[in-house]
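Student: got a predicted structure here, sequence first:
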Amino acid sequence: DAGVIQSPRHEVTEMGQEVTLRCKPISGHDYLFWYRQTMMRGLELLIYFNNNVPIDDSGMPEDRFSAKMPNASFSTLKIQPSEPRDSAVYFCASSPWTSGVSYNEQFFGPGTRLTVL
Amino acid sequence: DQQVKQNSPSLSVQEGRISILNCDYTNSMFDYFLWYKKYPAEGPTFLISISSIKDKNEDGRFTVFLNKSAKHLSLHIVPSQPGDSAVYFCAASASDYKLSFGAGTTVTVRA
């Protein structure tokens, strides 16, 4: 398996522009997570999906951020309009569901480094 | 509010010696704890975990200890090797498939 795939790996944009980050989870995984990593706050969970349905978006910083999962093999995180403080590394992760266990390992993609000028 | 805290941003250790990484948490609902390792330009990868019903879990050179009364866990790496140089994240879950991460500790293993 190729693992979690994210694109692009790097994105440089100007303030005010729309940014779309993409993620392909591991096939068969039921959960998909979006995280943001910054020096100040470390790794923060933004939103997660179960079977393509958003379950918890309490970590999404503001209305400028939105995430979708139109099918089991694809998700997007969109920022519109982007601001310099959105500069960070954004990770996507996926996880299987197993009956009878309260937690399963999350598998992370390589991340997208976003720079907003 | 950070529910998982790693108060040491960095750790330098000589090859062959023990590395001890510490993590504190505030949420008493956390029942599963994990350590992830991250190399530059890569995503975090799972290293070792422990359930709240245990106080120790060992996997090769890596051992995680959990002290529930103190809301504290630690990761021991013995012996430390150059390939262990990375950022280590402590994470916790409250049986809801969400992970709360600490800010990370950068470990440097000196030859």
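Tutor: Good, I have the coordinates. Numbering: from 1, shown residues only, chains lettered A, B, ... in the order given.
Student: tell me the residues of chain B that contact chain A?
Tutor: B:2, B:31-32, B:34, B:36, B:41-46, B:49, B:89, B:91, B:93, B:95-104 (CB under 8 Å from any CB of the partner chain). For every residue, glycine as well, the C-beta is placed using N, CA and C.
Student: could I have the ChimeraX command that selects the buried members from those?
Tutor: Those of those that count as buried under 16 or more other CB atoms under 10 Å in any protein chain shown are selected in ChimeraX with:
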select /B:31,32,34,36,43,44,49,89,91,93,97,98,99,100,101,102,103,104
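Student: out of the residues of chain B next to chain A, which are inside strands?
Tutor: B:32, B:34, B:36, B:45, B:46, B:49, B:89, B:91, B:93, B:100, B:101 (DSSP state E).
Student: which one of the residues you listed sits closest to residue A:85?
Tutor: residue B:101 (19.7 Å; CB to CB).
Student: okay, and the beta partners of the residue lying closest to that closest one once chain neighbours are set aside?
Tutor: Spatially, and ignoring its direct neighbours in sequence, residue B:101 is nearest to residue A:43 (3.8 Å; CB to CB, 6 or more residues apart in numbering or on different chains). For residue A:43, the beta-bridge partners are residue A:37 (DSSP bridges).
Student: can you report how many residues neighbour residue A:43?
Tutor: Residues within reach of residue A:43, counting by other CB atoms under 10 Å in any protein chain shown, total 25.
Student: so it makes contact with residue A:91?
Tutor: Yes: with contact defined as CB atoms under 8 Å, residue A:43 counts as touching residue A:91 (7.3 Å).
Student: which residues do the two both contact?
Tutor: Common contacts of residue A:43 and residue A:91, defined by CB atoms under 8 Å, 6 or more residues apart in numbering or on different chains, comprise A:35, A:36, A:37, B:44.
Student: for these, give me CSV that also has distance to residue B:111 and pLDDT.
Tutor: Converted to CSV, these look like this (distance: CB to CB, whole Å; pLDDT from 0 to 100):
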residue, distance to residue B:111, pLDDT
A:35, 33, 96
A:36, 34, 96
A:37, 29, 93
B:44, 25, 95
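Student: ok, of those residues, which one's closest to residue A:74?
Tutor: Using CB to CB, residue A:35 is the member of the shared contacts of residue A:43 and residue A:91 that lies nearest residue A:74, at 17.6 Å.
Student: isn't the closest one right up against residue A:93?
Tutor: Yes: the criterion here is CB under 8 Å, and residue A:35 meets it with residue A:93 at 6.6 Å.
Student: quick check: beta-bridge partners of residue 108?
Tutor: Let's take chain A. Beta-bridge partners for residue A:108, by DSSP bridges, are residue A:93.
Student: hmm, no, I was thinking of chain B.
Tutor: Beta-bridge partners of residue B:108, as defined by DSSP bridges: residue B:12.
Student: and the gap between it and chain A?
Tutor: According to CB to the nearest CB, to the nearest Å, residue B:108 and chain A sit 17 Å apart.
Student: rewinding a little: may I see the PyMOL selection of the buried members of the shared contacts of residue A:43 and residue A:91?
Tutor: Buried members of the shared contacts of residue A:43 and residue A:91, defined by 16+ other CB under 10 Å, are picked up in PyMOL with:
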select buried, (chain A and resi 35+36+37) or (chain B and resi 44)
